[in-house]
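In: Can you look at this prediction? I've put the sequence above it.
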Amino acid sequence: MSNETNPTPQVSASFDRRGLFRIGGLTIATAAVLAACGDPASSAGELGRVGNGAPNPELPEGKVNDGVLLRTSASFETSIADAYQRMIDDGLLAAASATFPDLGDQTELVTGFVDQHRKAAETYNQLALEAGAAEPFTCGNPRLDSAFIDPIFERVLNGAPATDTAKEIAPSEDPTRDMVNLVVTLELLSAATAQALVPQVSQASYRAEAMRLGTRSARQGALMSLHINPDGYVTETDLLNANPAASTTVASTTTVQDIAQPETGDTTAPPAPPPTEIPVPVALPSQYGSLAAITYIGGAGDENGVRLKLNFETPSLNSLTYDFTTCE
Amino acid sequence: MNVSKGTPRVEIESTQSGVEAEQRLPRRGLLAAGIGGAAVSLLPFFSGRASATTPPATDESTTTTAPPRRPTDDDVALLAAALQIELTVEGLYRQAISAVAGWTEAQAALMTTLRQAHLAYSNSLSGLLGKSAPSTRSEELFAEWESSFSGSTDDVLAKAADLESSLVATHLDVLAKLQGTNGAALVASIQVAEARHVTALRHLAGVTDEAELLVDEEAASLLGAG
């Protein structure tokens, strides 16, 4: 048997190899026509879609430049001033503190801080406009307010309601203590924000102006620390490193210390605050200006005695007031 | 004889009329048409890719020029001056601590802590400058302030606070001129701490006036003084 003995002469030419080529070519050509003439989006380089679904929302692109950084610093200063104003309006700085019985009314001092932070915000906004920002940012920082300052006020003043897994938390047993500690925290944050700005902005003049404002905040924090803790000048670590006992100081007899006896020095000095898990501030919290997170602990403890603990940080990508961020 | 499988080519071709054969595209033509169609259909895709990798020409927000990180030649001179001043201040503290009598425990603790801090600042600046770092203090500046760091302990605390305020003003001057961000960041971290030194020293010396404690009037810069 050979191929010649069983031919299939009646096979139609309508579906042969050439026909396949023809159909393939026509299909591709038709696809090209449809792609070019169909949805206008196809001409923009987007892949076609079946049906007419809603397009994906386009998020605005956040660009970080001098204007954005300076606007953000302005927003931090405004948030701090607003927080202080709220303390003053609610009389939280005038009430007596059980933890710091000799503290006294801090309203006047903090009122001066409010003015300084409002001026700082204006200065930062002016610099932002010089740096090319379209408009100043005249309200508080949304992230700082919503994630840090508002929760602290809520926890200190109102506590926290019970949930399925946790019991109710009472309001703070000493709101004045929590508010003056918040003042110290926010002054540290203001100084650190200015310091953090220095290597980020492009102009030396912006750096110098930011640090002029930052040094003022640093001093305000030191002064408030000394109001809270009048003998707290340096940290234990810095004191240990300095080792004053080993220096060649010509010591007076008052430096002779008998730890079994009461203080023989200045007996009029107020007693140190009682030790708690809430850190007592000191005037010189570190040898250099620190950009580390600033820990705030306050409010009443929960059923396990755990208080509200937050780490304040200098502005970052999630707290910047970008060009598209508005005061709404 | 044709021995290929399937339909004998000769016989199939023989069924086509001459007119039909002329109207049909040849196989090479079909292939070319198919490839051409595919290329046309992919054009929008390729053009889209190309446009996505090209940055917009009118983007004005990315025109900020990044400052240098390392100190420039001018920066080195400024940072060297700051280093000499810090060395001088450390020497003044050292002398006062040893020469002045009657330090209380708190005063001794603060003075030695601040002396240690200024030594650390000198070391940090020296590390940044490397071989360009001066290793000696400014004798001229030391002589200018030496007599102030004597007398009672409260006198020394007051003068030390004035000197710290001058340091803050000095670093502000330096920051306004520095171009490199490494040096600027270091000076800023020193300046923040020295600003607090003033408040702490005056508070320890018994000053209660808030304007003095918060330094409403900064002292004169030491840049160029030594």
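Out: Ah, there it is.

In: these two touch, right, A:S225 and A:P281?
Out: Yes: between A:S225 and A:P281 there is a contact under C-beta atoms under 8 Å: 3.9 Å. In this view, the C-beta of every residue, glycine as well, is placed from N, C-alpha and C.

In: any residues in contact with both of those two?
Out: Residues touching both A:S225 and A:P281 (C-beta atoms under 8 Å, 6 or more residues apart in numbering or on different chains) are A:V184, A:G232.

In: Can you spell out the domain ranges of chain B, please?
Out: Using automatic domain parsing, the domain parsing of chain B gives B:19-52, B:73-213.

In: distance of A:Q85 from A:R118?
Out: Separation of A:Q85 from A:R118 (C-beta to C-beta, to the nearest Å): 9 Å.

In: now swap in A:D145 and tell me
Out: A:D145 is 16 Å from A:R118, where distance means C-beta to C-beta.

In: and if you look at A:P315?
Out: Distance, A:P315 to A:R118, by C-beta to C-beta: 19 Å.

In: more neighbours, the two?
Out: Each of A:P315 and A:R118 has its neighbours counted (other C-beta atoms under 10 Å in any protein chain shown); A:P315 has more, 24 against 17.

In: Hmm, that one is touching A:F76, no?
Out: Yes: counting by C-beta under 8 Å, A:P315 does reach A:F76; the two are 6.6 Å apart.

In: what's the overlap in contacts for those two?
Out: Common contacts of A:P315 and A:F76 (C-beta under 8 Å, 6+ apart): A:N141, A:T193.

In: Of the domains of chain B, flag the one that's most buried.
Out: Highest mean neighbour count of the domains of chain B: domain B:73-213, a mean of 21 (counted as mean count of other C-beta atoms under 10 Å in any protein chain shown).

In: That domain spans what distance, first to last residue?
Out: 37 Å (C-alpha to C-alpha, to the nearest Å).

In: Helices of the chain, start to end?
Out: The chain I'm using is chain A. A:17-37, A:66-89, A:107-130, A:142-144, A:150-158, A:175-197, A:204-228, A:236-242 (DSSP state H).

In: nope, chain B
Out: For chain B, applying DSSP H gives helices covering B:9-15, B:18-23, B:27-52, B:73-99, B:105-129, B:139-146, B:153-175, B:181-204, B:210-213.

In: picking that back up, can you add distance to chain B and mean pLDDT and give the helices of chain A back as CSV?
Out: Shown next, in CSV, are the helices of chain A (distance: least, C-beta to the nearest C-beta, whole Å; pLDDT from 0 to 100):
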stretch, distance to chain B, mean pLDDT
helix A:17-37, 4, 74
helix A:66-89, 6, 97
helix A:107-130, 7, 97
helix A:142-144, 20, 96
helix A:150-158, 24, 97
helix A:175-197, 5, 98
helix A:204-228, 4, 97
helix A:236-242, 4, 84
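
In: among those helices, which is nearest B:A158?
Out: B:A158 lies closest to helix A:204-228 among the helices of chain A, at 16.3 Å (C-beta to C-beta).

In: Phi and psi next, for whichever residue of the stretch 151-300 of chain A sits closest to chain B.
Out: Going by C-beta to the nearest C-beta, chain B is nearest to A:G289 of the stretch 151-300 of chain A, at 3.0 Å. Torsion angles at A:G289 (phi, psi; degrees, to the nearest 10) stand at phi -60, psi 130.

In: what residue ranges in chain B score low on pLDDT?
Out: Counting by pLDDT under 70, the low-confidence segments of chain B come to B:1-64, B:225-226.

In: Give me the residue at the spatial middle of it.
Out: Taking C-alpha atoms, centre = their mean, the centroid of chain B lies closest to B:T181, which sits 3.7 Å from it.

In: Now that it has come up, it's in contact with B:P71, right?
Out: No: counting by C-beta under 8 Å, B:P71 is not a contact partner of B:T181; they are 9.5 Å apart.

In: how about the helices of chain B in TSV, adding distance to A:Y296?
Out: Below are those laid out as TSV (distance: least, C-beta to C-beta, whole Å):
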stretch	distance to A:Y296
helix B:9-15	90
helix B:18-23	87
helix B:27-52	45
helix B:73-99	32
helix B:105-129	25
helix B:139-146	39
helix B:153-175	27
helix B:181-204	19
helix B:210-213	24
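
In: can you tell me which of these comes nearest to chain A?
Out: Chain A lies closest, by C-beta to the nearest C-beta, to one member of the helices of chain B: helix B:27-52, at 1.3 Å.

In: Can you get me the centre-to-centre distance for stretch A:112-119 and its chain?
Out: Distance of stretch A:112-119 from its chain centroid, counting by C-alpha atoms, centre = their mean, to the nearest Å, is 20 Å.

In: And it, what's buried?
Out: A:F113, A:V114, A:Q116, A:H117, A:R118 (16 or more other C-beta atoms under 10 Å in any protein chain shown).

In: what's the spatially closest residue to the last one that is not a sequence neighbour in contact with, if anything?
Out: Yep, that's A:R118 we're talking about. Nearest residue to A:R118 in three dimensions, chain neighbours excluded: A:A81, at 5.0 Å (C-beta to C-beta, 6 or more residues apart in numbering or on different chains). The contact partners of A:A81, taken as C-beta under 8 Å, 6+ apart, are A:F113, A:V114, A:H117, A:R118, A:A121.

In: cool, A:E154 as well?
Out: By C-beta under 8 Å, 6+ apart, A:E154 lies in contact with A:A160.

In: Try it again at 10 Å.
Out: Neighbouring residues of A:E154 by C-beta atoms under 10 Å, 6 or more residues apart in numbering or on different chains: A:A160, A:P171, A:G299, A:L308.

In: Show the buried residues in those residues.
Out: Using 16+ other C-beta under 10 Å as the threshold, A:A160, A:G299, A:L308 are the buried ones among the contacts of A:E154.

In: In strands, which of these fall?
Out: The strands, defined by DSSP state E, take in A:L308 from the buried ones among the contacts of A:E154.

In: Would you mind measuring from the closest residue in space to B:F149 that isn't next to it in sequence to A:G104?
Out: Leaving aside its chain neighbours, B:F149 sits nearest to B:A96 (4.1 Å; criterion: C-beta to C-beta, 6+ apart). Distance of B:A96 to A:G104, computed by C-beta to C-beta: 33 Å.

In: Over to A:T123?
Out: Distance of A:T123 to A:G104, given as C-beta to C-beta: 31 Å.

In: A:G159 touches A:A166, doesn't it?
Out: No: between A:G159 and A:A166 there is no contact under C-beta atoms under 10 Å: 11.5 Å.

In: Could you pull out the residues contacting both of the two?
Out: With contacts taken as C-beta under 10 Å, 6+ apart, the residues that reach both A:G159 and A:A166 are A:D302.

In: So for these two, which residue has more residues nearby?
Out: Between A:G159 and A:A166, counted using other C-beta under 10 Å, the more crowded position is A:G159 (17 against 12).

In: From B:L201, how far off is the nearest residue to B:L214 once chain neighbours are set aside?
Out: Here the nearest residue to B:L214 in space, its sequence neighbours aside, is A:R219; by C-beta to C-beta, 6+ apart that works out to 5.0 Å. Computed as C-beta to C-beta, the A:R219 to B:L201 distance reads 11 Å.

In: what sits in contact with each of these two?
Out: A:A283, B:L213.

In: circling back to that earlier point, among the helices of chain A, which comes closest to B:A195?
Out: It is, among the helices of chain A and with distance given as C-beta to C-beta, helix A:204-228, at 3.7 Å.
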